[in-house]
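Asks: one predicted model, sequence on top.
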Amino acid sequence: MKFAYLISSDMMVEGFKRVAAFSLLTLFLPVAVAVAEPLEGTNVTEAFSSEIALAASADPPKEGRVMLVDMTAYTSREAETDSTPCIAAGGFDLCENNREDVVAANFVPLGTRIKVPSIFGDKTFTVVDRMNSRYTNRVDFWFKDLDRARQFGVRTAEIIVLPN
């Protein structure tokens, strides 16, 4: 007999002879669905109950929460965006604003403000854009020119999600 369970993506699955898992990318929490065949004597309910409760109660990041995220940079070029490279997901005009204080992120609502003290000190950024849905734990910083965006590269750092 096989069972399907919603589990946290970092959960270790023990007591099963065969497990197939895949990610379901949601706006706020990456989770996985496991289809498993339990070994004889394994209490399936006990094996997954705490992970099921954790996944079901997950909330978006709280205001003031510190998170470790991957960071990249982009510009308003069609090659990096779409056919309207200056217009962000929420309708914000990046080119008209022309200030490097905006970011794209999928794990917080549009309009959320963040800080990255280790890289930008006390500077505040506003989430005005989205990225491809495969990026669930990434912040993409908008830069005016390609050279500066390339210089930024790929980094990992802590952000602070600010109260609105």
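Replies: Sure, I can see it.
Asks: where does the prediction get shaky in the chain?
Replies: Judged by pLDDT under 70, the chain has its weakly predicted residues at 1-63.
Asks: for it, which segments are assigned as helices?
Replies: Listed in chain order, the helices of the chain (DSSP state H) span 44-56, 94-97, 117-120, 146-152.
Asks: for the third one, packing partners?
Replies: Read it as helix 117-120. With contacts taken as 3 or more C-beta pairs under 8 Å, 6 or more residues apart in numbering; DSSP states H and E, helix 117-120 sits against strand 155-161. (Each C-beta comes from the backbone N, C-alpha and C, glycine too.)
Asks: list the strands paired with the strand it packs on, with their directions.
Replies: Its sheet considered, strand 155-161 pairs with strand 66-74 (antiparallel), strand 113-115 (antiparallel) by DSSP bridges.
Asks: identify the residues contacting the last one?
Replies: Contact with strand 113-115 is made by 103, 105, 108, 122-127, 139, 159-162, 164, as judged by C-beta atoms under 8 Å, 6 or more residues apart in numbering.
Asks: residue 95: neighbour count?
Replies: 11 (other C-beta atoms under 10 Å).
Asks: which residue sits closest to it, ignoring its sequence neighbours?
Replies: With sequence-adjacent residues excluded and distances taken as C-beta to C-beta, 6 or more residues apart in numbering, residue 95 is closest to residue 86, at 3.7 Å.
Asks: burial check on that neighbour, number of neighbours?
Replies: 13.
Asks: and the strands in the protein?
Replies: 3-8, 16-24, 31-38, 66-74, 102-105, 113-115, 124-129, 138-142, 155-161 (DSSP state E).
Asks: wait, what's in contact with the closest residue to residue 130 other than its chain neighbours?
Replies: Spatial nearest neighbour of residue 130, chain neighbours left out: residue 89 (4.2 Å); criterion: C-beta to C-beta, 6+ apart. Contacts for residue 89 (C-beta under 8 Å, 6+ apart) come out as 104, 110, 128-130.
Asks: name the nearest of these relative to residue 147.
Replies: Among the contacts of residue 89, residue 104 lies closest to residue 147 (C-beta to C-beta), at 19.5 Å.
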